[in-house]
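A.B. asks: Prediction below, plus the sequence it came from.
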Amino acid sequence: MQNYRYLAAIDQGTTGTKCLIFDITGKVISKAYKRHKQILPKEGWVEHNPLEILSNVKFVLSSAIHSAKLEAKDIAAVGISNQRETTILWDKKTGMPLGNAIVWQDVRTQGLIKRIRDANGETEIKQRTGLKLSSYFSASKIKWLIDNSNKVRELIREKRVLAGNIDSWLIWKLTGGKNHLTDYTNASRTLLMNLRTKEWDSEMLDIFKIPKSILPEIKPSINNEGFGIINYSGFKGVKIMGVLGDQQAALLGERAIFNSDIKITYGTGSFVLQNTGREIKREKGLLTTCAYGTGKNNCTYALEGSVPISGEIFDWLEEIGIMKSLSEIRAAINSSVDTNLFLVPAFSGLFSPYWDESARGIIIGLTRKSNKLAFIRAAVYSICMQVVDIVKMMENFNNKINVDGGVANNDYIMQLQANLLGKRIYRSNLVEESAFGAALSAGISSGIWDFNKIKNLNRSGRYFYPKADSKPYNTIYDKWLDAVERSRNWE
């Protein structure tokens, strides 16, 4: 093999797309980023333009390699990390999307989910897929796109429709339409993959009435064959050698590769994953998912708790005029005004561990003294409390929790999180853990790294230790649980 010195990672997220180039020591050489538009046609609907995302991917690839003063021949491989569950249908013949992507946050299929739940129950579905029956996952989105378009149904009859999450769309387009593929982690987020066999489950396909022919082939996340060769200028000829859903990529990026390791990513939402090794563990209120695959039927699993509204709460506070700058967070956390004000951001229902799609957001505990700092403080606490809800359900982990994501950059929030959890928190100086995990997957597949070599790459960071007196935080958490209960069964 050529003595390559660099790996590239595409990190396609909910709000934007990044490309990072790493050297073989794990150091970031260059980075490019571009946001894409959030399309909100109706209440509860969230869409993205697949062509805009593709254009942005090409833009950041070109920008990152140009900034690094490198050429395609210098790049050993590319890894992809992507927002999960976001679903696209496209025409195999023209390569054009058959409508916008339906985003993971979208709840338009709640009625369909209820009908399927009433007809089939939920226990067997969770046994097969590891997932709750929810509009969160890809299956109902694919079903909705089929049911609501005569053109899609016609093209299915002509065997021209392809379906997939963002990873499959990017693989297809970047390889010039040669490869319709996905990996274990993304497939495990569809409600259509059997968690044990790592293949499309015929029973689930029948329940959702989705033809198997439109779905991608499932491959291990890390494998020496890869996912195809890029046919795009600037990266032409470079292989895609690793693919992971963004939260599983962050797990790998955090090197949470030992049984019971936990990582928390604070982005648009918050996602807590616990590595469970080769064991498929099941906990009430949590999801069971593939963490990464390293060969045919060779899979490491994880327990996951998902929160749809985390860092996005600050965007909302800015939109409604309560918050002007993230610098206000420090004053809000230290404020003693209205400590009994609670905000439950169940804008489209609650995910883990409640799984209540009828819940809606509430603000409770308002007094005449309530001011904007009290609102910001309540928003910060809502981020941390939702994580506590999940971590309390995970067992047998050591006293350290790895954190990453935009919100994790705030020292005050991380100290509060450590206090509320009563656990020490470790934040790596490399905050781009999803991108790093994608690069690691590509590097391992290419033989540049192995699991032993990656353990000590980029290991500088900071610990946050919980304060000794936990009583005030226990009292606050009890009130949070009361507020959550009041938000439920609204719709």
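C.D. replies: Right, received. Where do you want to start?
A.B. asks: quick one: Glu279 and Ala302 touch, right?
C.D. replies: No - using CB atoms under 8 Å, Glu279 makes no contact with Ala302, being 10.3 Å away. For the C-beta atoms, the positions are set from N, CA and C on the backbone; glycine is no exception.
A.B. asks: So the two - more neighbours on which side?
C.D. replies: Ala302 (29 against 10; other CB atoms under 10 Å).
A.B. asks: looking at the sheet around the more buried one, what are its partners?
C.D. replies: Beta-bridge pairing of Ala302 under DSSP bridges involves Asn275, Thr289.
A.B. asks: Spit out the contact partners of it.
C.D. replies: Ala302 makes contact with Gln248, Leu251, Leu273, Gln274, Asn275, Thr276, Thr288, Thr289, Cys290, Ala291 under the criterion CB atoms under 8 Å, 6 or more residues apart in numbering.
A.B. asks: Show the contacting residues for Ile448.
C.D. replies: Contacts of Ile448 (CB under 8 Å, 6+ apart): Tyr4, Leu7, Ile24, Ala76, Ala77.
A.B. asks: Of those residues, just say which sits nearest to Tyr412.
C.D. replies: Set against Tyr412, the nearest of those by CB to CB is Leu7 (34.1 Å).
A.B. asks: Please name the strands paired to the helix or strand containing the closest one in the sheet, noting orientation.
C.D. replies: Using DSSP states H and E, Leu7 falls within strand 6-12. Note on strand 6-12: by DSSP bridges, its sheet partners are strand 16-23 (antiparallel), strand 75-82 (parallel).
A.B. asks: most packed of the ones you listed?
C.D. replies: Across the strands paired with strand 6-12, the average number of neighbours (mean count of other CB atoms under 10 Å) peaks for strand 75-82, which reaches a mean of 29.
A.B. asks: which SS class is the nearest residue to Arg108 once chain neighbours are set aside?
C.D. replies: Leaving aside its sequence neighbours, Arg108 sits nearest to Trp45 (CB to CB, 6 or more residues apart in numbering; 5.3 Å). Following DSSP: H, G, I helix; E, B strand; the rest coil, Trp45 is assigned to coil.
A.B. asks: State the distance from Trp45 to Asn429.
C.D. replies: 38 Å (CB to CB, to the nearest Å).
A.B. asks: And these two? Which one has more around it.
C.D. replies: Between Trp45 and Asn429, counted using other CB under 10 Å, Trp45 has the larger neighbour count: 16 against 9.
A.B. asks: what's the following helix or strand after the helix or strand of the chain with the lowest mean pLDDT?
C.D. replies: For the chain, the helix or strand with the lowest mean confidence is helix 328-334, at a mean of 82 (criterion: mean pLDDT, DSSP states H and E). Going down the chain from helix 328-334, the next helix or strand is strand 342-344, by DSSP H and E.
A.B. asks: Partner strands of that next one and their direction?
C.D. replies: strand 362-364 (antiparallel).
A.B. asks: contact partners of the strand it pairs with?
C.D. replies: Residues outside strand 362-364 that contact it (CB under 8 Å, 6+ apart): Leu341, Phe342, Leu343, Val344, Ala346, Phe375, Ala378, Ala483, Arg486, Ser487.
A.B. asks: What is the nearest of those to Ser168?
C.D. replies: Ala346 (30.6 Å).
A.B. asks: Please tell me how far the residue lying closest to that closest one once chain neighbours are set aside sits from Arg488.
C.D. replies: In space, and not counting its chain neighbours, Ala346 is closest to Ala359: 4.1 Å by CB to CB, 6+ apart. Look at Ala359 and Arg488: by CB to CB, they are 5 Å apart.
A.B. asks: Those two: which is more packed in?
C.D. replies: The neighbour comparison of Ala359 against Arg488 (other CB under 10 Å) goes to Ala359, with 23 against 17.
A.B. asks: And that one, how close does it get to Phe351?
C.D. replies: For Ala359, the distance to Phe351 - CB to CB - is 10 Å.
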